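**Student:** Sequence unavailable; structure follows:
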């Protein structure tokens, strides 16, 4: 083997499976195994879960963009890698409490817990675990040539990476059943028609950045409260939704950012920048 090949293999082995960059108060989280179609191995699961936890506690970021390097967002599990590591399988599936998220589920459910808008930018294949990950985002912007699939039944499995929480919010039950049972990929047009994706675009990253630029003009506490209210209570009984609306509103009114939002509307020339988000 040549020295050049050795160097290339060394660089490949040192590459982090997920990159995090924070720029202009926006966190860019990128799957970084393009040579493997960003397939998910144990290291990717650990990195995604850890990054999402750290972003949840970062009170200065105003949004998250979730993306994949290369031609495909994510082709699903790196089946060979996962199946060969029996202890890794245990680490993916174990949980302390039945209702808590295990590592396999955290790569989707953790995005729902971050109190800022999370936008997934998706191109190429977004299959299996890749689709489960982006279902944890608040918005999904896709290219016109995207291919999306709930792939688990192809392997004799059920989808178990927490994406079902979003599927029941987004899709009628028959559409979710069809996706999960057939494991057949669908196009961007089909996905938009059944509400699986938010927007089809030739420039999804630019559109995502544009939306976050608009949302950065709003109070970070108001956006955090809206996300928490909708994510936690979308299917709650009426009495709980009414109760939480009032509770969050009182909390917001007692904070300083709401007064700054009013100032921005009534006297923008004298308005001050928003303070870092409170604890939500």
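**Tutor:** Happy to help now that I have it. Quick caveat: nothing in here was measured; it's all calculated off a predicted structure. Residues are numbered from 1 along each chain as shown.

**Student:** From here on, just use CA atoms for contacts and neighbour counts.
**Tutor:** Noted.

**Student:** For residue 60, which three-state class applies?
**Tutor:** coil (DSSP: H, G, I helix; E, B strand; the rest coil).

**Student:** dump the residue contacts of it.
**Tutor:** 25, 276-277 (C-alpha atoms under 8 Å, 6 or more residues apart in numbering).

**Student:** What are the phi and psi values at residue 29?
**Tutor:** Reported as degrees, to the nearest 10, the phi and psi values for residue 29 are phi -110, psi 120.

**Student:** Per the annotation, how does the chain divide into domains?
**Tutor:** 3-215, 220-270 (automatic domain parsing).

**Student:** Now render those as CSV, adding mean pLDDT.
**Tutor:** Shown next, in CSV, are the domains of the chain (pLDDT from 0 to 100):
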stretch, mean pLDDT
domain 3-215, 92
domain 220-270, 97
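
**Student:** right, so these: which one is the most enclosed?
**Tutor:** domain 3-215 (a mean of 19; mean count of other C-alpha atoms under 10 Å).

**Student:** and it, how far out from the chain's middle?
**Tutor:** Centroid separation for domain 3-215 versus its chain: 6 Å, with C-alpha atoms, centre = their mean, to the nearest Å.

**Student:** Do you have the strands of the stretch 151-280 of the chain handy? List them.
**Tutor:** 186-187, 199-200 (DSSP state E, counting those that start in this stretch).

**Student:** how about JSON lines for those strands, with distance to residue 220 added?
**Tutor:** Formatted as JSON lines, the strands of the stretch 151-280 of the chain follow (distance: least, C-alpha to C-alpha, whole Å):
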{"stretch": "strand 186-187", "distance to residue 220": "34"}
{"stretch": "strand 199-200", "distance to residue 220": "24"}
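
**Student:** So which of the ones you listed is nearest residue 231?
**Tutor:** strand 199-200 (19.9 Å; C-alpha to C-alpha).

**Student:** So which elements touch that closest one?
**Tutor:** In terms of contacts (3 or more C-alpha pairs under 8 Å, 6 or more residues apart in numbering; DSSP states H and E), strand 199-200 is packed against strand 139-142, helix 188-193.

**Student:** nearest to residue 31, of these?
**Tutor:** That would be strand 139-142 among the helices and strands packed on strand 199-200, by C-alpha to C-alpha, at 15.6 Å.

**Student:** Direction included, what does the closest one pair against?
**Tutor:** Partners of strand 139-142 in the sheet, by DSSP bridges, are strand 118-122 (parallel), strand 199-200 (parallel).

**Student:** Show me the contact partners of that strand.
**Tutor:** Under C-alpha under 8 Å, 6+ apart, the answer for strand 139-142 is 117-123, 134, 188, 197-201, 204-205, 207-208.

**Student:** Let's see that with 6 Å instead.
**Tutor:** Applying C-alpha atoms under 6 Å, 6 or more residues apart in numbering, the external contacts of strand 139-142 come out as 119-123, 197-200, 204.

**Student:** continuing past that strand, what's the next helix or strand?
**Tutor:** strand 147-149 (DSSP states H and E).

**Student:** tell me which strands and helices that following strand is in contact with?
**Tutor:** In terms of contacts (3 or more C-alpha pairs under 6 Å, 6 or more residues apart in numbering; DSSP states H and E), strand 147-149 is packed against strand 125-127, strand 186-187.

**Student:** got a markdown table for those strands, with distance to residue 139 too?
**Tutor:** Shown next, in a markdown table, are these (distance: least, C-alpha to C-alpha, whole Å):
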| stretch | distance to residue 139 |
| --- | --- |
| strand 125-127 | 15 |
| strand 186-187 | 17 |
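
**Student:** closest one to residue 268 among the ones you listed?
**Tutor:** strand 125-127 (42.9 Å).

**Student:** what's the following helix or strand after that closest one?
**Tutor:** helix 129-134.

**Student:** Show me what that next one packs onto, helices and strands only.
**Tutor:** Partner elements for helix 129-134 (3+ C-alpha pairs under 6 Å, 6+ apart): none found.
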